[in-house]
Structure formats: C-alpha cells, structure tokens
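Novice: Predicted structure and sequence below. I'll ask about it afterward.
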2 protein chains.
Amino acid sequence: MSTIDYSFDKQFLRYQDCINEALPGAFTGDDEAADMTMEAALYSLMAGGKRIRPVLMLAVSDMLSLSADIVLPFAAAIEMIHTYSLIHDDLPCMDNDDTRRGMPTCHVKYPEAIALLAGDALLNRAYEIMLEACGDGDLRKIRAANFMARMAGARGMIGGQTLDLLSEGKRIPADVLMVLHSKKTGCLLMAPVIIPAYLCSQGKEHAIIEEYLMEFARHIGLGFQIKDDILDVTSTKDVLGKSTGKDAAEEKSTFVTLFGLQKAREMLQNETDSARNALFELRNSGYDTRFLEDLNDYLLLRNK
Amino acid sequence: MSTIDYSFDKQFLRYQDCINEALPGAFTGDDEAADMTMEAALYSLMAGGKRIRPVLMLAVSDMLSLSADIVLPFAAAIEMIHTYSLIHDDLPCMDNDDTRRGMPTCHVKYPEAIALLAGDALLNRAYEIMLEACGDGDLRKIRAANFMARMAGARGMIGGQTLDLLSEGKRIPADVLMVLHSKKTGCLLMAPVIIPAYLCSQGKEHAIIEEYLMEFARHIGLGFQIKDDILDVTSTKDVLGKSTGKDAAEEKSTFVTLFGLQKAREMLQNETDSARNALFELRNSGYDTRFLEDLNDYLLLRNK
C-alpha cells in the first residue's frame, strides 16, 4: 500500500476489484463448459457482495507485507465459503429468503436442487483451490487451510448456524447469543484476519502480532453482527437489498430484541473502540494500520 | 493381509470394522459436546452403510503394502463425502427419499435444515481431517487430497448429480448416461482406488500400476451403477432398504430403461470381466489381488 496516496475508498475498491477479477477463474478452474450448477454458483458468487472477508484478508496481508499471490487463493476460498453459506441459509428449509443483495436468491433464480448443489460445489471448490495452493508442501499454507476448515465447520460457522436454528422463536440468554454470533459470523471474520499471519514466517514476535489480530477480529466480528441486528430494524429492504424487520416478526433473539436499540448502539461503539485499541497496539509495533482503522469505522457506519 | 488364512468375508468384515471404529472419532474430532447437526451427521454416517469406498481404499492400500495409519484419514474422509452426498440427495428438493438403508433418512429423523447442515458439516470435516493429515507437508498426501477434491467437486460427483437432475423425466442418449454415471458414481469409486497409489512412493513403475488401477476403478464404477439400476427393478424395498421401482415410475433413463434388463445384465458382466482383466495385470506385476477380485464378484452378485 502506497504511503503517499492513501485513500480508504480507493484502496477498498482496489481490493474489491482484485477479488472480483480473481473469483470467476478461481471457481471455474480450467473448465470451459460450465453446467447449470456452476452457473448458479457463479451467479451467487458474482451477485455484488461487499467482499468484506477477502478485503480484510488482502488488507491484513498488505499490512504484513505478504504477497497478494500467496494469499489470493485463500481470499477466493473464503468468499466461496461465505457464498455457499448464504445460498444454503436462503433455502426454503432455512431462512426461506427470496432476495439477497437486491437480487433473486439462488433457489429463486434456479431450481432449488441446483441451488443446493451450487452451495456444495462452492464449498468443495474452496478446499480444492486451497489444496492446489498447498501443492508446494508449504507448511504455513497447510496450517492456514486447516484454520479455515476449523472456522467453517461444525465447531465454527456451522455450529453457529445450528445454534441460530435451534434458537428460533425463543428468547435466549445474552451469553448464548454471544457464542452463537462468535461462531456464526465471527469465525468467518476471524479466518481472513488470522490466515495472513499464518502465511507469514513464524517467530516469537509473530505470536504477539497474532494475539492483537485475534483481538481485532473478535471485536469487529461482534460489532459486525450487532450492526446487522441494528440495520434489520433501522434500514429498509431497498437500501439493504434483503428483507428487514424479520428478526422481530420471527421473535428472534438479537442484540436489539435482547438489549434494546439504545444499548445495542452502545455495545457496537464499545466493540468498535476495542477493535481500534487492538489496531493501536499493532501500529505501535510498526505496522501501517490506517486501512484497517478506516474499515473498522466503515463497518460501524455502514448503512447496508 | 495374511496369505495363509485368507477369507473374503472375514477380510471384508475386518475392513468394515476398521472404518466403523475410526469414523465417529474422525468426525467429532476432539469435541465432547455434539450439537444437533453433529448428532444428525453421525446418525447418517453410522446408519449401516456397506463402506464400499473405504473398504476399497483399505484393500488397495493393503495390496500396495501401504500402512493403514496413512490411509485411514482419507478412508474416513471419503465415507463422509459419500454420506453428505446421500443426505443432500435424499432432501425433498432432490430425490425426496424417506428411507435409506432401511432407516428414516436424515431429514425425516431430524429437521430438514439440520439435515442440510449435517451434510455441509460432513463435507467440511472430510477436508479438515485430510488437511490435518497433510500437516506434515507430505506432498503425496496433498496430491491425494487434491484428487479427492477433484473427484467430489463440480467437475466430478456434483457434475454427475447435476446431469442426473437435468435428465429427470427425459430419455437421454447412452453416451450421456455413461458420462453421468462416470461422474455421479464413478468419481467416488475412482478416488479410493487411486488415492492409495498416490500415497505410495512415486516412480516409473508406479505409473503403470496407477493405469491398471484406474482401469479397474472405471469398470467397477460403471458395473456398480448398472447393478444399482438392475436392483431397482429386480429387488424389493425390504431387501434394498430404500424405495425400488422409482426409476421406471419417474421415467428416468437408466441402463435398464435404455437397454432392457437382459442387455443391462450383459453389460454388467462385461464390466466385471474388464475389471478382472485389469486385476490380472496387477497380479502379473506381483500384487496380491485376491480380495479385489472377490470384491469385484461381490459387487456383481450383491442383492442390495
């Protein structure tokens, strides 16, 4: 990242462009003839997501002076894993959502069975490109891919989705809500922050960096979810590109339904402050944290 | 495999026991507290499958004098991938099957959304245990995991499931039926035969062995599917543990509906003979192929 011409918006766009250019080829590989499942997967993969997770990964990589070539397969993989989870979450047996990012969800655009397979194909391909990247036997990459698997799996994101499903229509205690979101949203925000650190050389100094990064990731993860819950009651479907007011209608436990809007906003501010504090520690260690600081503010202030 | 006391039945049971003992721990990892998704995944994983794929993998490993320790994570992974595909195939939006191996399917026993997540969790965990096995940076293991990903993905099994879905209610040409099954069933029978070869040391002699193994896998793969199609019209739900007569009722193109029962039986015999010929070549190269020969006959003669 150039130290002279830094602009958050431009840098965000550059990261988004980088991932948007890499994604289609990363998904289709060397295959010329896409079938309907691959087409459906590409439809959802390229349906205008904000790319928060790969942008985070590219930004942390930049901060750690890690080459984009090394991290790019992992950045593509996390967006594929994120997209598969959205496709499956939107299915009739889950949230039954017909709109996502202002567009018809995968199972509305394509037959439901194809949407199911498209999710499966994205998850599978995410591992395939990580394994291809691991083909040189680099232990750092293997450790990174392993971490991704733990974050995405039954003890990570899927565990959070399960808790979420089983909490439907119930008022759950605040500590369960915390665990739910630390898994459901948190794990896939932890992975892009930690994976670049794993991809760098190891060492004693690095363990401290990983601690700060983990702290940063934990707080933006929780803040991200609190913001989502706030937007569900304060935003509109037009702005958000997906249904709003669903949480209250379904008597879902959220940070807003459990704590009220005012308290939720305070909690969000606290998480953002704590995330910033973790970044200050990294800045004191000599790292250029400007983009991550601005991204932290952006996540706090975003309106969709 | 002892050369003295060889008995196919006993050896088959030993392989099945080996995988049945390893599977639950391989899936749950170091987690004590299973949630409903993990419970549902375990339900399907341990619902009395024949374990053909891991048995094949263990048998080929034995033939190549490869230690069971090395191959076991891959054997567990392929059974998890197979099980995830069955859970998703059984869902209402796919085949809508309520019985599998004589037991309620996952989404009948558990909420549909949990069954969906159980499939996702199994696929994810399959990659996690392979990546854990790759933690020593052994290039042969990474290559094997990569091959698994290709066989399971959009260009492999999922590609076959897609072709199958899009062929529903249509009469498709014989060559499309071949491609469909070489992907849908064939890929997950190719993987367990080839992966042990990848896990062995490489060399010029080994390339020839891989060729014969690939030929063997191709023929048992096709034979396996022809046999499945035959059983759908000649067996009963009680024996088979799943619905029969569905293919004809849904006007599905199968080897029986396209070629008739008599011709399908001849084709099955041809595939079995070709698989045996490939094994003869391996025997001539000094390998003990008795178990694989008997397994080939077993797959031809099985009644479920």
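Specialist: Received the coordinates, thanks. None of the values given here were measured: they were computed from a predicted structure.

Novice: can you pull the pLDDT of the residue most central in space within chain A?
Specialist: The residue lying closest to the centre of chain A (Cα atoms, centre = their mean) is A:Arg53, at 4.0 Å. As predicted, A:Arg53 sits at a pLDDT of 97.

Novice: Next: the one 4 residues further on.
Specialist: At A:Met57 the predicted local confidence, pLDDT, stands at 98.

Novice: what about it, neighbour count?
Specialist: 30 (other Cβ atoms under 10 Å in any protein chain shown). Heads up, the C-betas are built off the backbone N, CA and C, glycines and all.

Novice: rewinding a little: the residue nearest to the centre of chain A touches A:Ile194, doesn't it?
Specialist: No. Counting by Cβ atoms under 8 Å, A:Ile194 is not a contact partner of A:Arg53; they are 12.0 Å apart.

Novice: Am I right that the residue nearest to the centre of chain A sits in a helix?
Specialist: Yes. Secondary structure of A:Arg53 (DSSP: H, G, I helix; E, B strand; the rest coil): part of a helix.

Novice: Pull the contacting residues for it.
Specialist: Applying Cβ atoms under 8 Å, 6 or more residues apart in numbering or on different chains to A:Arg53 gives the contacts A:75, A:78-79, A:82, A:188-189, A:191-192.

Novice: Any of these buried? List them.
Specialist: For those, a burial check counting by 16 or more other Cβ atoms under 10 Å in any protein chain shown picks out A:75, A:78-79, A:82, A:188-189, A:191-192.

Novice: So which of those residues is the closest to A:Asp228?
Specialist: Among those, A:Leu189 lies closest to A:Asp228 (Cβ to Cβ), at 11.7 Å.

Novice: Specify the local secondary structure of that closest one.
Specialist: Here A:Leu189 is helix, with the state taken from three-state DSSP.

Novice: what's it in contact with, if anything?
Specialist: For A:Leu189, the contact set (Cβ under 8 Å, 6+ apart) comprises A:52-53, A:56, A:217, A:220-221, A:224.

Novice: Check those and tell me the two furthest apart.
Specialist: Among the contacts of A:Leu189, A:Ile52 and A:Ala217 lie farthest apart (Cβ to Cβ), at 12.0 Å.

Novice: tell me, which helix in chain A spans the most residues?
Specialist: As assigned by DSSP state H, the longest helix anywhere in chain A is helix A:204-234.

Novice: So which elements touch it?
Specialist: helix A:174-184, helix A:187-199, helix A:246-249, helix A:255-259, helix A:261-284, helix A:290-301 (3 or more Cβ pairs under 8 Å, 6 or more residues apart in numbering or on different chains; DSSP states H and E).

Novice: mind putting these in a markdown table, distance to A:Leu166 and mean pLDDT included?
Specialist: Shown next, in a markdown table, are the helices and strands packed on helix A:204-234 (distance: least, Cβ to Cβ, whole Å; pLDDT from 0 to 100):
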| stretch | distance to A:Leu166 | mean pLDDT |
| --- | --- | --- |
| helix A:174-184 | 9 | 94 |
| helix A:187-199 | 18 | 96 |
| helix A:246-249 | 16 | 70 |
| helix A:255-259 | 16 | 92 |
| helix A:261-284 | 23 | 96 |
| helix A:290-301 | 28 | 93 |
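
Novice: So which bits of the stretch 151-300 of chain A are right by chain B?
Specialist: A:152-155, A:158-159, A:161-163, A:165-166 (Cβ under 8 Å from any Cβ of the partner chain).

Novice: ok, of those residues, which one's closest to B:Glu21?
Specialist: Of those, the one sitting nearest to B:Glu21 (Cβ to Cβ) turns out to be A:Ala154, at 20.6 Å.

Novice: Mind listing what's buried along the following helix or strand past the longest helix of chain A?
Specialist: The first helix or strand that comes after helix A:204-234 along the chain, using DSSP states H and E, is helix A:237-240. Buried residues in helix A:237-240, counted by 16+ other Cβ under 10 Å: A:Leu240.

Novice: Distance from helix A:237-240 to the middle of the chain?
Specialist: 20 Å (Cα atoms, centre = their mean, to the nearest Å).
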